[in-house]
Structure formats: C-alpha cells, structure tokens
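Q: quick one: sequence plus predicted model below, questions after.
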Amino acid sequence: MRKVVFGGLAALALAGCSAHPPAPKDTLPTLAAMPTDSWPKFRDAFIENGFRIAPAGAVYQGRHDFDGGLGDWSPQGLKQQGDFLRDAIAKAKGFDAAKLSKDDAFEREYLITVAQGQLFWLEDADQPHRNPAWYIGQGLDPNVYIARNYTDPATRMRATIDFLHKIPKAAAQIRANLKTPMPLSYINYGVAGFKGLADYYTGDAKKAFADVKSPALQDEFDKTSKAANKAMTDLAAWLESQRGTATQDFALGADKFSRMIKETEGVDVPLATLEAAGKADLARNQKALGEACAIYAPGATIQACMTKMGANKPANNDPVAEARKQIPELRAFVLASGVVSIPDNEQALVEESPPYNRQNSAYIDPPGPYEKGIPSIYYISPPDPSWSKADQLAFIPGKEDLLFTSVHEVMPGHFLQFRHANKSPSIFGRIFVGYAYAEGWAHYAEEMMWEAGLHKGNAETHVGQLSNALLRDCRFLSAIGLHARGMTQEQSRQMFLKECYQDEGNAKQQSARGTYDPAYLNYTMGKLMIRKLRDDWTAKHGGRASWKQFHDTFLSFGGPPIPLVRKAMLGGDGKAVF
C-alpha cells in the first residue's frame, strides 16, 4: 500500500539505559495559521503544515518542492507534531457540520479521524520511543528518488544527496529517542532494517546514478552516502548491542488495543465482537479449504493439500517473472467480468524488493496524487538467505498463491484502488488512504475475484485464494492475541502453522510482524467491513448485478475510515460494521 509519512509522534521524555551523545539540534519548520472561517482553507492548511513537519511524506505524495527533506525527530520536533495534531483536531471539531456542505462535512470527520489516529501512535502507543519500525516507515528510504523517474537523473541525484546529508542527524535522533530494553523482535527488525538501509545508501542508491556525468556530484554522493552508511551501521550496531537485555514486552494491552482500532480506523466495537468476527472468518475459510482440498488432493491432509499447491512453483523459482505474466491475465479478467472499472491504461511494473525492505513478502509502491506519468512498482521479496534451503524454497509461493498476491497488490487490488483514489474529487481522499481501507480492499478483492469466476472454479486456484485468506485470518487473531490476550510470539507462530497452514518461513515472519505492527489485523478487518457494506448496499440496489456500481462508488472516496464510507453510502451512524 502507499504510505502516508505524516505526523504520528508525541513529545515525551527521552529515555535509554546507556549513555549516548545528545541528538543534534534542529530548526523547526514554521507552520501557517489554520483558518477557521473556511473549511477548504483549513483543510489545505492542515495538509501543507503536515508536509512541512514531515517533508519525506510530501515527497512520497509527489510534492517535489520538498525534495531532500526528512523531518525533525528531536524532542522539539516531536512536540511540534503532537501540538499540531491536537490543535487541528480541536479546530476541526469547532466547525459546525450542519453548516458545511455534505462533502465538507464528510471531510471534516475524515480529517478528525486521521489526526486522532496519528495522535494515537504519537502519544498512546509512543512509537518513536519504543519501536524502530516507526522510523523505517517515516522517510529513511530514498527509493522515491531512485524508482520514480519524475525528473532527470542529475536532479534526482542532487535531491538524494540533500536527503543523505540529513541521515547522520536523523540516526542520532533515533538513537537518543529509543528506550531500552526493548522487545527482541523490535531489535531484530531494527537491525535488519537499519543495516539494509546502510547498504542501500552506498549500494543500489549509488548504482542508480552511475550514469550521471558530473564528477562533482559523484564525489559528493560518495561522501554523503558513506557518512549516511556509517550512521545507519552504527545505529544498527548499537541496537544489536541491546540483544542481551531484550524482552518480550511488546503488548499494547487490551484497552490500548481497543483504542487503536477506534482512534485509527473509527471502529468502535467491543474487543469480544471483533475477536468473534475473526474466529468466524477463520472457521469459514477452513471449511472452504477442506472442501477445495477434497477436490484438489482427495484423501490428503489439509497440510499435504497446501504443500501440493505450494510445490507448484513458478518456472525457475522466479516469482517476479511469473507475476509479470499474471498481471495481463488479471486485467483481462477484470475487463471481461465487469466487476469494477479500470479508469486508465496505466500498468504496474514488477521488481524484486530491495534488501532493506523485505520484512513483507510483497508490496506495491504507487505514485502519489501529485505525480504525473510515474509507474507503480510491485515488489516481491526473495527468501532470507540465512534460512535453510528448505525454508527458502518453501517461502517462494506456489503459482496460485502468487496469483492472489498479484490480485491483492495489483489487479484489482492496491494498484487499481490507487488509480481510483488519485482521481477522487477530494484532495484529502487522494492523500490519506487508510490502512484498513487499502488493505481491506486488496484482501477483499482476492475473494471477490474468486467469486466472480477467476479460473472458473479450478480447485487449485481456490486453495491458493484460501491460503491468502487464512494468512490474513491468523494476522487478525494474532494481533488480538499478542496485544490483548497474552499470546506469545511462539504461540502466534504455531497458530500460523497449525490453524492457517502457512510454511515455516511465513509463520516466523508473520508472528514477528504482529509484535511491531499490531494494526496488521486491518487486512481481515477491512475485508469484513467491505463485505458487510457490499451485502447491505447491494440488497437495496439490485443484488449481484450491482457489484460494479458498488465497487466504483466505494473506491471513489479515496481512502477514509470504512465506517465513514458506510455512513455516507447507507446513512445512519455507520457503526454496524460486522
């Protein structure tokens, strides 16, 4: 999904168990006043001030007047972010919704939920002081300058140099902010991520500009990239040194977890209701898998059936080449079946993911709403070379499993969703695409494509679809278990293996991810909310024949919290989400 690197930190006291140098001081950006006499002016000021606070997020959205920017993670910078969000929430609530147009009133609720969600991660979850993953997602990645050919290479190289100049300061701020001891999974993630970024700065990032014929730029790039590499390498080494005191203290706790789903996604239901919905979906998909396996691998166990599906690997064990063949097939099916509109002729490219960003098996990097003529890139991760050969081979998905990853990431999942989002009439909708909205749609698209007749009922294809569905069911239940029910990471790993029939490599990866990404329940949570909304909406608008109309309408909103979309499409308070 496309990230929104914008806000999300709190001004809390620095901490740490060992001595370290203070982070360098920084000059905070000047924020414009947010007028309260005009909703459009207020909304636009909120966006612009957010970009000034987090310029890396602005660049990611395609605002290249912020090129080279990163953001300030000093105590003063974090405080500014928190103060900005609190002020924005208070002023947005001060607008009388009854006096606004329908669209502006919707945007008001949208903005408040976005800001409250960012403030949750800022202050309640305390991500900048607890979780190295926060920083990796907040702009340390210069891939936007390398993968997006938005201007000539020399100009992008200059922007990358400006960016790299800021990395030593950022690394010092991260080092000053992170509290120790920290959970072992956080250390593992941070060490891998920071090391990977260090290698990227002097490796692939440098190679990307090898053809720029400017000795001065090349020399400056060498110097700044080496300094950035050292800063990240030293940060990774410091984090590695904390391994001896590592804990398993990753849980948010039940109350905070409930606040997370309410503040970040507008989902206000008891935790027991949420958990029951996930368990019901797991049971539904397990039953469907049993039925599909009885056809595909009669007499075999479920695990043997899954192994058979997974053993049908892409040619030469190359999922990138296989995905490149799958995308045209999926596009043709979407056009022929008429399940959703394809708004333009843009195509997604497929590449192997860079080494620093392989914690997830696949993801897409679509251009921001301010970009023009920039392709989306669908990245697929190779297995970890430190794993056994058997685990590496198991990590490479079967062709039908990969098919639904391509559905999820490209057609009609994230890629198509962002093509629609970038055409939303609301600039707010084009920028702020939520986690449950984006991942919920992409995961929903997998089952929807099977229901629409992809591969015409082929049992192996159905097993591939259900493998992906079960993976997300275990994410859903693992998130709740790890953060609200006392589940250990090992118990999570066992659940992925035994309840959702995942291979060992995926089970290891997913159980670890659940500790530092408690919101990864949003895949299934979003899917369930969209299915419920579809069923309720189409019941009044022509049933199955109105799926295309429903999908096009849903996607037109951009990416708000799904309860707000439900309220807009059906009326009421939008709370009947499951």
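A: Perfect, I can see it now.
Q: quick one, domains of the protein?
A: With domains defined by automatic domain parsing, the chain comprises 39-249, 260-315+328-343+398-570.
Q: for Glu352, which of those is the nearest?
A: The closest of the domains of the chain to Glu352 is domain 39-249. By C-beta to C-beta, the value is 10.8 Å. (C-beta placed from N, C-alpha, C; glycine too.)
Q: quick one: average pLDDT of that closest one?
A: For domain 39-249, the mean per-residue pLDDT is 96.
Q: and for stretch 483-495, what's in contact with it?
A: Stretch 483-495 has contacts (C-beta atoms under 8 Å, 6 or more residues apart in numbering) with 185, 248, 250-254, 256-258, 271, 474, 477-478, 481-482, 507-508, 510-512, 514-515, 518.
Q: can you map out the helices along the stretch 51-200 of the chain?
A: Per DSSP state H, counting those that start in this stretch, the stretch 51-200 of the chain carries helices over the ranges 55-60, 75-94, 102-119, 127-130, 132-136, 143-147, 153-165, 167-177, 184-202.
Q: out of those helices, which one sits most buried?
A: Neighbour counts (mean count of other C-beta atoms under 10 Å) averaged over each of the helices of the stretch 51-200 of the chain peak at helix 55-60, with a mean of 26.
Q: packing partners for it?
A: helix 39-53, helix 143-147 (3 or more C-beta pairs under 8 Å, 6 or more residues apart in numbering; DSSP states H and E).
Q: on contacts alone, who are the packing partners of the shortest one?
A: Using 3+ C-beta pairs under 8 Å, 6+ apart, the elements in contact with helix 143-147 are helix 55-60, helix 153-165, helix 204-208.
Q: quick one: it to chain centroid distance?
A: 18 Å (C-alpha atoms, centre = their mean, to the nearest Å).
Q: try the first one
A: The chain centroid and the centroid of helix 39-53 are separated by 23 Å, computed with C-alpha atoms, centre = their mean.
Q: relative to Ala300, how far out is Ala394?
A: 17 Å (C-beta to C-beta, to the nearest Å).
Q: please read the previous query as pertaining to Pro319.
A: Remark: distance between Pro319 and Ala300 (C-beta to C-beta) = 24 Å.
Q: mind listing the strands for this structure?
A: In the chain, the segments counted as strands under DSSP state E are 348-352, 362-365, 376-380.
Q: switch those strands over to TSV; also include mean neighbour count and distance to Tyr444.
A: Formatted as TSV, the strands of the chain follow (neighbours: other C-beta atoms under 10 Å; distance: least, C-beta to C-beta, whole Å):
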stretch	mean neighbour count	distance to Tyr444
strand 348-352	18	19
strand 362-365	22	16
strand 376-380	23	18
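Q: in a markdown table: these, plus mean pLDDT and distance to Val407.
A: As requested, the strands of the chain are exported to a markdown table (pLDDT from 0 to 100; distance: least, C-beta to C-beta, whole Å):
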| stretch | mean pLDDT | distance to Val407 |
| --- | --- | --- |
| strand 348-352 | 94 | 12 |
| strand 362-365 | 92 | 11 |
| strand 376-380 | 95 | 11 |
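Q: looking at the ones you listed, which is nearest to Phe333?
A: Here strand 348-352 is closest among the strands of the chain (C-beta to C-beta), at 15.4 Å.
Q: wait, which of the helices of the stretch 51-200 of the chain is closest to Gly290?
A: Closest among these, using C-beta to C-beta: helix 184-202, at 32.4 Å.
Q: and the contacts of the closest one?
A: Residues contacting helix 184-202 (C-beta under 8 Å, 6+ apart): 130-133, 136, 140-142, 164, 167, 225-226, 228-233, 235-236, 239-240, 242-243, 246-248, 250, 354-359, 489, 512, 515-516.
Q: give me the buried entries from these.
A: The neighbour-count test (16 or more other C-beta atoms under 10 Å) applied to the contacts of helix 184-202 identifies 130-133, 136, 140-142, 164, 167, 225, 228-233, 235-236, 239, 242, 246, 250, 354-359, 489, 512, 515-516 as buried.
Q: re the thing from before, any idea which of the strands of the chain gets closest to Gly453?
A: Among the strands of the chain, strand 348-352 comes nearest to Gly453, with 22.7 Å by C-beta to C-beta.
Q: what helices or strands is that closest one leaning on?
A: Other elements packing on strand 348-352 under the criterion 3+ C-beta pairs under 8 Å, 6+ apart are helix 319-337, strand 376-380.
Q: returning to what we had before: okay, and which of the contacts of helix 184-202 map to helices?
A: 130, 132-133, 136, 164, 167, 225-226, 228-233, 235-236, 239-240, 489, 512, 515-516 (DSSP state H).
Q: between Pro319 and Ala300, which is the more surrounded one?
A: The residue with more neighbours, out of Pro319 and Ala300, is Pro319; 28 against 14, by other C-beta atoms under 10 Å.
Q: what residues sit buried inside stretch 378-398?
A: Neighbour counts over stretch 378-398 (16+ other C-beta under 10 Å) mark 378-383, 391-398 as buried.
Q: go ahead and confirm Leu70 touches Lys166.
A: Yes - contact criterion C-beta atoms under 8 Å: Leu70 and Lys166 qualify, at 4.4 Å.
Q: more neighbours: which of the two?
A: Taking other C-beta under 10 Å, Leu70 and Lys166 do not tie; Leu70 has more neighbours (25 against 22).
Q: gap between that one and Ala125?
A: Separation of Leu70 from Ala125 (C-beta to C-beta): 22 Å.
Q: again with Ala394
A: Using C-beta to C-beta, one gets 33 Å for the distance from Ala394 to Ala125.
Q: same check on Val340?
A: 35 Å.
Q: for Thr264, same thing?
A: Per C-beta to C-beta, Thr264 is found 10 Å from Ala125.
Q: same question, Gly50
A: The gap separating Gly50 from Ala125 is 19 Å, by C-beta to C-beta.
Q: cool, Ala484 as well?
A: According to C-beta to C-beta, Ala484 and Ala125 sit 14 Å apart.
Q: compare these two (neighbour count), which wins?
A: In terms of neighbours (other C-beta under 10 Å), Ala125 is the more surrounded of Ala484 and Ala125; the figures are 24 against 21.
Q: in this structure the more buried one contacts Phe257, no?
A: No - using C-beta under 8 Å, Ala125 is not in contact with Phe257; the gap is 9.8 Å.
Q: mutual contacts of these two, please.
A: With C-beta under 8 Å, 6+ apart, Ala125 and Phe257 have no common neighbours.
Q: what about Ser556, neighbour count?
A: Residues near Ser556, counting by other C-beta under 10 Å, number 16.
Q: and if you look at Glu346?
A: By the measure other C-beta under 10 Å, the count of residues near Glu346 is 17.
Q: number of residues surrounding the closest residue to it other than its chain neighbours?
A: Spatially, and ignoring its direct neighbours in sequence, Glu346 is nearest to Arg419 (6.2 Å; C-beta to C-beta, 6 or more residues apart in numbering). Residues contacting Arg419 under the criterion other C-beta under 10 Å number 20.
Q: and Leu393, how far from Leu402?
A: From Leu393 across to Leu402, the span is 14 Å (C-beta to C-beta).
Q: circling back: just name the most buried of the helices and strands packed on helix 55-60.
A: Taking mean count of other C-beta under 10 Å, helix 143-147 is the most buried of those, at a mean of 22.
Q: just the residues contacting that one, thanks.
A: With C-beta under 8 Å, 6+ apart as the test, helix 143-147 has contacts from 59-60, 67, 156-157, 159-160, 163, 204-205, 208, 354, 357, 365, 377.
Q: okay, the helices of the stretch 51-200 of the chain in a markdown table with distance to Pro412 next?
A: Output for the helices of the stretch 51-200 of the chain, formatted as a markdown table (distance: least, C-beta to C-beta, whole Å):
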| stretch | distance to Pro412 |
| --- | --- |
| helix 55-60 | 23 |
| helix 75-94 | 33 |
| helix 102-119 | 23 |
| helix 127-130 | 32 |
| helix 132-136 | 29 |
| helix 143-147 | 23 |
| helix 153-165 | 31 |
| helix 167-177 | 37 |
| helix 184-202 | 31 |
